[in-house]
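In: Build the 3D model from these lines:
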Amino acid sequence: ADDRPALLFIPGGFHDARCWDHHFLPWFAAQGWSAHAVSLRGHGNSPGDLAVDKPGLDDFVEDVEAAMVRIGGPVVLIGHSMGGVLAQMVRAANTDVVGTVLLASSPLRAPIGVALRMLWQHPIALVRAQVFGDMQAGMPAFISFFYGDDLDPALQDKYVAELCGESPRAIAEIFKRPSPQTPDLEARPVLVVAGRDDWSIPMKNHEWLANTFSAPLRIVPGAHNLMVDPAWEQSAATIHAWLADKFLTI
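Out: Presented below is the predicted three-dimensional model:
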C-alpha cells in the first residue's frame with residue numbers, strides 16, 4: 001500500500017486555490033501524490049468577505065486546519081508567500097503535519113529596499129494599500145513582483161484575472177509576527193525554496209528561514225509566483241525530489 005502523506009497547497013495573499021490548478025496539482029497527482037489546495041476564507045469560492053470580516057492569520061490557520069481534517073491523516077504543507085507563513089503556524093500546532101515546504105515564503109519583517117522599489121514603481125497603489133488598507137487598489141504594486149518578464153502576457157492577464165483582494169489585517173500581521181516555533185525538526189522536516197528572480201524577498205531572508213528550520217535551501221529559476229512561472233516545472237521537480245527522499249519508502 002502507498003502510505004505517502006497527502007499534499008496540501010496553501011496560496012499566498014491575493015490568491016486562491018486556482019493558482020495551483022494550472023501546473024502543480026495535476027503534476028504532483030501524476031507523480032502519484034494525493035494533491036489538494038485550499039482557498040482561504042474570502043478568497044475564490046470560499047465564504048467570507050475580506051473587506052467586512054478583515055480576517056487575520058489565525059483565521060486563515062483555522063481554514064488550513066479545516067482542510068486538513070477533510071483530507072484526514074498525515075499531510076505535507078506546501079505554502080507559497082503568505083501561505084508559507086500559515087504553513088509555519090499550522091505546523092507548530094499540528095503533529096499531523098509531517099513535512100513542510102516553504103515556497104517563496106514571506107519574510108519575518110518587510111524588507112525596506114523592496115518597499116522602496118514598490119513605492120517608486122507604484123506610489124499611489126502602495127499608499128492606498130499601506131495607509132488606507134485598500135488592498136484591491138494596491139494590487140498593481142504587488143503584481144509588479146508576482147510575475148517575471150519572461151511570462152507570456154496573455155498568461156499573465158489570465159493569472160491576474162484570478163486574483164482577489166486581501167485582508168489588510170492579515171498582511172500587517174505577516175510582518176508583526178514573532179519568530180516561528182520549530183518543534184520536531186528532525187521528525188517533521190522542512191524545505192525552503194527560493195526564486196532566483198524574486199526581487200520581493202532578499203536571499204538573506206530565505207537563508208535565515210532555512211537556518212531557523214535547519215532546512216535545505218533550494219534556489220530555483222523564476223519570479224515570486226513560482227507555481228505559474230515559465231520555469232515552474234523546476235520548482236515542482238525540486239519539491240518532488242525532496243518529498244521522494246523524505247517520504248517514499250523503497
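In: next structured bit after the lowest-mean-pLDDT helix or strand in the chain?
Out: Taking mean pLDDT, DSSP states H and E as the measure, helix 123-130 is the helix or strand of the chain with the lowest mean score, a mean of 70. Past helix 123-130, heading to the C-terminal end, the next element that is a helix or strand (DSSP states H and E) is helix 139-146.
In: Show the subsequent helix or strand relative to that next one.
Out: Moving toward the C-terminus from helix 139-146, the next helix or strand (DSSP H and E) is helix 153-161.
In: Could you check the angle that following helix makes with helix 139-146?
Out: Put simply, helix 153-161 runs at 130 degrees to helix 139-146, going by axes from the mean of the first three to the mean of the last three C-alpha atoms, to 10 degrees.
In: C-alpha coordinates for helix 153-161, CSV please?
Out: Extracted in CSV, the C-alpha atoms of helix 153-161 (Å, rounded to 0.1, in the frame of the first residue of the first chain):
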residue,chain,number,x,y,z
PRO,A,153,1.5,38.5,-21.4
ALA,A,154,-1.7,36.6,-22.2
LEU,A,155,-1.0,34.1,-19.5
GLN,A,156,-0.2,36.9,-17.0
ASP,A,157,-3.6,38.5,-17.8
LYS,A,158,-5.2,35.2,-17.1
TYR,A,159,-3.5,34.8,-13.8
VAL,A,160,-4.1,38.4,-12.8
ALA,A,161,-7.8,37.9,-13.5
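In: Show residues contacting that helix.
Out: With C-beta atoms under 8 Å, 6 or more residues apart in numbering as the test, helix 153-161 has contacts from C19, H22, I143, F146, Y147, N225, V228. (Each C-beta comes from the backbone N, C-alpha and C, glycine too.)
In: Next: stretch 207-218.
Out: Stretch 207-218 is touched from outside by 100, 102, 105, 107-108, 179-180, 182, 185, 189-194, 206, 238, 242, with contacts defined as C-beta under 8 Å, 6+ apart.
In: re the thing from before, nearest to L57, of the contacts of helix 153-161?
Out: Lowest distance from L57 to the contacts of helix 153-161 (C-beta to C-beta) belongs to C19, with 18.8 Å.
In: Contact partners for that closest one?
Out: Under the contact definition (C-beta under 8 Å, 6+ apart), the residues listed for C19 are P11, A37, H80, Y159, E162, N225, M227, V228.
In: That one belongs to a helix?
Out: Yes - remark: C19 belongs to a helix, assigned using DSSP: H, G, I helix; E, B strand; the rest coil.
In: Quick check: which element contains I171?
Out: Assignment of secondary structure by DSSP H and E places I171 within helix 168-174.
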